[in-house]
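In: Prediction below, plus the sequence it came from.
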Amino acid sequence: MKPSLVNTTEPATYAQIWTFRTPRAQLALWCGWLALVALFVYCWQVMNADTMWVFVADAPTQAVDIGSRMWPPSLSYLPELMKPLWDTLNIATLGTLGGVIMAVPVAFLAARNTTPSSILIRPLALWVIVASRSINSLIWALLLVAIIGPGLLAGVVAIALRSIGFVGKLLYEAIEETDIRQVEAVSATGASSMQQLNYAIVPQILPAFWGITMFRWDINIRESTILGLVGAGGIGLKLQSSINVLAWPQVATILLLILATVIVSEWVSARVRHAIL
Amino acid sequence: MSFETTYPTHWRRPPRMLRDRRWRLVVQGAVLVYLVLAMGSLDIEWSRVVEGLARGQRFVEGFLQPDFISRWSDIRQGLIESLTMTLTATVVGGLISVPIGIGGARNLVPAPVYGICRTIIAVSRSLQEIIIAIFLVAMFGFGPLAGFMTLSFASIGFIAKLLAEDIEECDVHQIEAVRATGASWWQVLHYAIQPQVMPRLIGLSMYRLDINFRESAVIGIVGAGGIGATLNTAIDRYEYDSAGAILLIVIVIVMLSEYGSSYLRRFLQ
């Protein structure tokens, strides 16, 4: 840091070698990095105040141990997993459906150009979107299992509530980006405001809508595989029970099945989005 | 003398997708059959649901009148764990994902390196945080260190993938110009790529910070520390007012970090 300070005091002598930044910018950059490192070290110490380093030192042996127990995966367990897998797919699909149905009105209320009142209703709709986005589906599931009991319904509702924020946010951004001239053209024919929505805005956002829905469906498949951990049905339920009885070959089978499902759903979603857009 | 052309009196909007009528019927039928089957498999116990609605009402009441005080020391501890875990994991994940992201950009590296880096990214992305957390808790013991490991691992896939895509989309002209001066590979990276992707990389890291905080509220459920553990305990004890307080804190922090990161990104660009 010293040479750069010297450079600032002597502006008359220019460096022979071109440098990327001015000395002042360099200094600011270094200070920024230093602050980040200091913050990191401080956080690290606070975080690890109660860490048992004995367990950490033990971790590699534990990893090898679990790994050796998991191999080979028990393939005979596979047929038993088909019903939970079907449940998982249903949670994801019905959840996406419910989420989209709730998200569409929220998105129209949140978009600057379609909201009925930008002072009262828009902040409310935005708050719904943020609240839904900041609470993970697993937490929604945890709450819903406590409220409406364990089972698929809790999973479906959890996925739906979580999807509102994601779909709503992307959809209202798409609505705000619509071409105003088409809306004007339709309104020039004497269309009411509902007809303007129907004939000018909806056709413009429809491809984005299907794309967002498929994207969210793909994410929901991932999320619904683990909802069973808190009792909301699906394949996660089997995962939880297998872990509880330390049946590691079964755990390996379930993880492989989840991985395969995720890859297939990602492929399907990518294909459909490609076909739409 | 007039030609009698019969126009339909009502204009009907042409369908956007599936222009063939038969295909449309098949798809609609399939969707209907699926919905009936899926609804049938839901197996809802309505008596249990009705019984739960009272509890739901209590939760909503708890959410409207959150209780920050009676469990404040637990909440504070959980928040500190979550925040420190989030920051350290984002820094470490970001540092590791820079070389992997560079290695995953096809325009900079040979095919074997590209393959390896893309495999690392795919593995990190396809495993759920919570599943990784289960294993890491089993290995490293309960507490925020396991959470830190989980979040770092998950951050790698996210940041590295988007960084790699960003590098691949870089302006070729600038790279060529720097290369034409006789710059080595490192110099190309430093003078042509880095200025183009740096604002984006910082934006990505900020975004990941946000995601990591949200995830830190979840992985506590399986014992990886943080505010999630506190939340899980509160819900298990049916202390909905404390749970409501925790959820409100999470929402406020996420909102603040979202505004903060969007401000910072605008400032950097």
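Out: Sure, I can see it.
In: Low-confidence regions, the chain specifically.
Out: Unless you meant another one, I'm taking chain A. A:1-15, A:277 (pLDDT under 70).
In: um, chain B though
Out: Ranges of chain B meeting pLDDT under 70: B:1-4, B:16-18, B:268-269.
In: for it, which helix is longest?
Out: helix B:72-103 (DSSP state H).
In: and chain A, what are its domains?
Out: A:2-56, A:75-276 (automatic domain parsing).
In: What is the burial count for the residue in chain A that chain B sits nearest to?
Out: Closest contact between chain A and chain B, by Cβ to the nearest Cβ, is at residue A:55 (3.4 Å). (C-beta placed from N, C-alpha, C; glycine too.) Neighbour count of residue A:55, defined by other Cβ atoms under 10 Å in any protein chain shown: 17.
In: OK, contacts around the residue of the stretch 1-150 of chain B found nearest chain A?
Out: Going by Cβ to the nearest Cβ, chain A is nearest to residue B:141 of the stretch 1-150 of chain B, at 3.4 Å. Going by Cβ atoms under 8 Å, 6 or more residues apart in numbering or on different chains, residue B:141 touches A:51-52, A:55-56.
In: What's the end-to-end length of stretch B:100-116?
Out: Distance between the two ends of stretch B:100-116: 9 Å, counting by Cα to Cα, to the nearest Å.
In: Any buried residues in it, and which?
Out: Residues B:100-105, B:108-109, B:114 are the ones in stretch B:100-116 that count as buried (16 or more other Cβ atoms under 10 Å in any protein chain shown).
In: Check stretch A:52-67 too.
Out: A:55-56, A:59, A:62, A:66.
In: At which residues are the helices of the stretch 1-150 of chain B located?
Out: B:21-42, B:46-64, B:72-103, B:111-126, B:129-140, B:144-168 (DSSP state H, counting those that start in this stretch).
In: what's the second one packed up against?
Out: Going back to what we said before, that points to helix B:46-64. Other elements packing on helix B:46-64 under the criterion 3 or more Cβ pairs under 8 Å, 6 or more residues apart in numbering or on different chains; DSSP states H and E are helix A:137-148, helix B:240-268.
In: Show me the contact partners of that helix.
Out: So helix B:46-64 is in contact with A:143, A:146-149, A:153, B:238-244, B:247-248, going by Cβ under 8 Å, 6+ apart.
In: Can you select the buried ones among those residues for me in ChimeraX?
Out: The ChimeraX selection below is limited to those of the contacts of helix B:46-64 classed as buried (16+ other Cβ under 10 Å):
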select /A:143,146,147,148,149,153 /B:239,240,241,242,243,244,247
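In: Next to chain A, which bits of the stretch 51-200 of chain B? Give me the list.
Out: B:51-53, B:55-56, B:59, B:80-81, B:83-85, B:87-88, B:91, B:126-128, B:130-131, B:134-135, B:138-141, B:143-145, B:148, B:190-191 (Cβ under 8 Å from any Cβ of the partner chain).
In: Neighbours of residue A:139, how many?
Out: 26.
In: And residue A:128, which helix or strand is it part of?
Out: helix A:121-134 (DSSP states H and E).
In: quick one: contacts for residue 147?
Out: The chain I'm using is chain A. A:154, B:52-53, B:55-56, B:59.
In: oops, I was thinking of chain B
Out: Contacts of residue B:147 (Cβ under 8 Å, 6+ apart): B:81, B:85, B:89, B:133, B:216, B:219-220, B:224-226.
In: nearest to residue A:172, of those residues?
Out: Top of the list for closeness to residue A:172, among those and by Cβ to Cβ, is residue B:216 at 27.3 Å.
In: So the closest one is in contact with residue B:231, correct?
Out: No - under the criterion of Cβ atoms under 8 Å, residue B:216 makes no contact with residue B:231, lying 10.8 Å away.
In: So for these two, which sits in the more crowded spot?
Out: residue B:216 (31 against 27).
In: From residue A:147, how far off is that one?
Out: Distance, residue B:216 to residue A:147, using Cβ to Cβ, to the nearest Å: 24 Å.
In: How about residue A:53?
Out: To residue A:147, residue A:53 is 40 Å away according to Cβ to Cβ.
In: cool, residue B:183 as well?
Out: Computed as Cβ to Cβ, the residue B:183 to residue A:147 distance reads 62 Å.
In: do residue B:197 as well
Out: For residue B:197 relative to residue A:147 (Cβ to Cβ), the value is 46 Å.
In: and residue B:151, what does it touch?
Out: With Cβ under 8 Å, 6+ apart, residue B:151 has these contacts: B:85-86, B:89-90, B:93, B:129, B:212, B:215-216, B:219.
In: between these, which is closest to residue A:255?
Out: For the contacts of residue B:151, the nearest to residue A:255 is residue B:129 (13.9 Å; Cβ to Cβ).
In: What's the local residue count around residue 177?
Out: Let's take chain A. Here the number of neighbours of residue A:177 (other Cβ under 10 Å) works out to 12.
In: not quite, I wanted chain B
Out: Using other Cβ under 10 Å, residue B:177 is surrounded by 13 other residues.
In: Is it in contact with residue B:191, as I believe?
Out: No - using Cβ under 8 Å as the test, residue B:177 is too far from residue B:191 to be in contact (9.4 Å).
In: just the contacts of helix B:46-64 now: which is nearest residue A:94?
Out: Using Cβ to Cβ, the contacts of helix B:46-64 come closest to residue A:94 at residue A:153, 9.4 Å.
In: Name the nearest residue to that closest one, ignoring sequence neighbours.
Out: By the measure of Cβ to Cβ, 6 or more residues apart in numbering or on different chains, the closest residue to residue A:153 outside its immediate chain neighbours is residue B:44, 5.1 Å from it.
In: ditto for residue A:84
Out: The spatially closest residue to residue A:84, leaving aside those adjacent along the chain, is residue A:235, at 4.3 Å (Cβ to Cβ, 6+ apart).
In: For the residue nearest in space to the middle of chain A, what is the enclosing helix or strand?
Out: When chain A is reduced to its mean C-alpha position, the closest residue under Cα atoms, centre = their mean turns out to be residue A:219, at 7.0 Å. Secondary-structure element containing residue A:219, defined by DSSP H and E: helix A:202-224.
In: Toward the C-terminus, what is the element adjacent to that helix?
Out: Counting by DSSP H and E, what follows helix A:202-224 is helix A:235-244.
In: Other residues contacting that following helix?
Out: Helix A:235-244 has contacts (Cβ under 8 Å, 6+ apart) with A:80-81, A:84-85, A:87-88, A:224-229, A:231, A:248, A:250-251, A:254-255, A:257-258, B:131, B:134.
In: and it with helix A:137-148, angle?
Out: Helix A:235-244 and helix A:137-148 are oriented at 90 degrees to each other (axes from the mean of the first three to the mean of the last three Cα atoms, to 10 degrees).
In: List the buried residues in helix A:235-244.
Out: A:235-240, A:242-243.
In: before we move on, what about stretch B:84-104?
Out: Per 16+ other Cβ under 10 Å, stretch B:84-104 contains these buried residues: B:84-94, B:96-98, B:100-104.
In: between the strand or helix carrying residue A:66 and helix B:129-140, how many degrees?
Out: Counting by DSSP H and E, the element that carries residue A:66 is helix A:59-70. Following the same axes, to 10 degrees, one obtains 120 degrees for the angle between helix A:59-70 and helix B:129-140.
In: Now do the contacts for the residue nearest to residue B:229 when sequence neighbours are not counted.
Out: Distances taken as Cβ to Cβ, 6+ apart place residue B:220 nearest to residue B:229, at 3.6 Å, with adjacent residues excluded. Going by Cβ under 8 Å, 6+ apart, residue B:220 touches B:78, B:82, B:147, B:226-232.
In: ok, and what's touching stretch A:81-97?
Out: A:152, A:155-160, A:162-163, A:213, A:216-217, A:220-221, A:223-225, A:227-228, A:232-238, A:253-254, A:257, A:261, A:265, B:34, B:38-39, B:41-42.
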